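Novice: test case, fold it:
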Amino acid sequence: MTNSQEVETLARRCIELYNKRSLEWVDTCYAENVEWFELPLPSTPSGQHGNQAFLRNVAARLLSLFLDRQMTIHNLVATDNSVALELEWKGTASATIGTFKIGSLVQYRVASFLTFAHGLIIKQVDYCVQI
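Specialist: Numbers count the residues shown, from 1 in each chain. Below you'll find the model as predicted:
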């Protein structure tokens, strides 16, 4: 197996774990000192940045607000130690969140760039656009 096949497998596994709607994916897929970046969104106008613990907190909050959240891979390109993903993220709001009312379907198109080392994500940058 080549490195690009390995990182593709790891990226697909991370999305699979994410879609199981638990927090297992954070500890399984990310190094403790990961650099995670999410560029600005209406709900986070300054964007977000943090390590594994920060990402776990964001993920827990998101899971409580969108019980049915799901990611679908539309495109994936892998190199030796990195993966570029085109994803669709969607979920139903379980609370009023900004302009989203309870029961609103929320959808984003996401470009996510992952860098791997020793089988874990060490850097992730997400660009999200509401659709």
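
Novice: from the contact counts, what lies against the longest helix seen in the chain?
Specialist: Using DSSP state H, we find that the single longest helix of the chain is helix 3-18. Helix 3-18 sits against helix 24-29, strand 70-78, strand 82-92, strand 105-117, with contacts defined as 3 or more C-beta pairs under 8 Å, 6 or more residues apart in numbering; DSSP states H and E. All C-beta atoms are positioned from the backbone trio N, CA, C, and that covers glycine.

Novice: contacting residues around Tyr30?
Specialist: 36, 52, 55, 120-121, 124 (C-beta atoms under 8 Å, 6 or more residues apart in numbering).

Novice: then Met71?
Specialist: 15, 18-19, 87-89, 110.

Novice: which of the contacts of Tyr30 fall within helices?
Specialist: Among the contacts of Tyr30, the members found in helices (DSSP H) are 52, 55.

Novice: how long is stretch 67-86 end to end?
Specialist: Start and end residues of stretch 67-86 are separated by 22 Å (C-alpha to C-alpha, to the nearest Å).

Novice: can you tell me the distance between the two ends of stretch 59-70?
Specialist: 12 Å.

Novice: rounded mean pLDDT for it, please.
Specialist: Mean pLDDT, stretch 59-70: 95.

Novice: now it: buried residues?
Specialist: 59, 63, 65-66, 69 (16 or more other C-beta atoms under 10 Å).

Novice: before we move on, what about stretch 122-131?
Specialist: So stretch 122-131, judged by 16+ other C-beta under 10 Å, has buried residues 122-124, 126, 128.

Novice: burial check on Lys20, number of neighbours?
Specialist: 9 (other C-beta atoms under 10 Å).
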